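Engineer: Sequence below, structure please.
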Amino acid sequence: MAFTLARTVHSELLIKKSRFIGCVQPVDGRPQAQAIVDALRAQHPAAAHVCWALMAGGQSAANDDGEPGGTAGRPMLEVLRHQQLEGVLATVVRYFGGVKLGAGGLVRAYTDAVAQALIDAPLQPLVMQSELRCAVPYDAEGVVRRELASASASLNDVRHASLVHFVFSLPADRAPALKRRIQDVTQGRVAWDDNGA
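Structural biologist: Residues are numbered from 1 along each chain as shown. Next comes the predicted model:
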């Protein structure tokens, strides 16, 4: 089972006079992750490196930011994989202390900075969501809204045209039952978008 973080967690290590400031936080995807990394660079202009690793499905990536290849981003990514995390960004800001750590020392330092942050991290199971789309006649709008509220579905969009178009999401395992319920309460007067699960 995959997990995500309930909140941002931090660590700070001092290794041979180099300071490693670690952070692991939930993100929606690569654009948000890149914005966070850019903000860190602006906050820490004197830092030697701002390395990062992102676990976000097809958007996963790792960046050594000038450290020797494979000594920062990839080890950080492996920590996230080992913890079965998804939808998270790990960053480590390094202030160089004047003593070289060598490749092995760098791998350990970046790995430890992320691992230390995750020691007491509040993990929560990642629940796969389904987004559904349907259209119903105006006189069925109220009952559909009640069913969505009853199922704790997130109403993402409602558009009024010749029909009322709903876009909503909920945990994937509950989607089939809600579709059947909406079918029943509208007496079959619902049109499901083919893209809806």
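Engineer: Check which helices and strands the top helix by length along the chain sits against.
Structural biologist: If you go by DSSP state H, the chain has its longest helix at helix 102-118. Counting by 3 or more C-beta pairs under 8 Å, 6 or more residues apart in numbering; DSSP states H and E, the packing neighbours recorded for helix 102-118 are strand 9-15, strand 18-26, helix 73-82, strand 88-95. Glycine gets a C-beta too; all of them are placed from N, C-alpha and C.
Engineer: which element follows it toward the C-terminus?
Structural biologist: Going down the chain from helix 102-118, the next helix or strand is strand 123-125, by DSSP states H and E.
Engineer: ok, now which ones touch the residue nearest to the spatial centre of the chain?
Structural biologist: With distances taken as C-alpha atoms, centre = their mean, residue 87 lies nearest the centre of the chain, 2.2 Å away. Contact partners of residue 87, counting by C-beta atoms under 8 Å, 6 or more residues apart in numbering, are 4, 26-29, 55-57, 126.
Engineer: how does it look with 10 Å?
Structural biologist: Listed by C-beta atoms under 10 Å, 6 or more residues apart in numbering, the contact partners of residue 87 are 2-5, 25-29, 32-33, 54-57, 59, 126.
Engineer: Which pLDDT does the model give it?
Structural biologist: Listed pLDDT for residue 87 reads 92.
Engineer: In the protein, where is pLDDT below threshold?
Structural biologist: 194-197 (pLDDT under 70).
Engineer: Outline the domain layout of this protein.
Structural biologist: As assigned by automatic domain parsing, the chain contains the domains 3-125, 129-192.
Engineer: what about residue 17, how many neighbours?
Structural biologist: Residue 17 has 10 neighbouring residues, counting by other C-beta atoms under 10 Å.
Engineer: re the thing from before, buried set for the longest helix of the chain?
Structural biologist: In terms of neighbour count (16 or more other C-beta atoms under 10 Å), helix 102-118 has its buried residues at 106-118.
Engineer: ok, now stretch 11-26?
Structural biologist: 11, 13, 15, 18, 20-26.
Engineer: sorry, back to before: identify the residue spatially nearest to the residue nearest to the centre of the chain, adjacent ones excluded.
Structural biologist: Leaving aside its sequence neighbours, residue 87 sits nearest to residue 4 (C-beta to C-beta, 6 or more residues apart in numbering; 4.6 Å).
Engineer: so that neighbour sits in a strand?
Structural biologist: Yes. Counting by DSSP: H, G, I helix; E, B strand; the rest coil, residue 4 is part of a strand.
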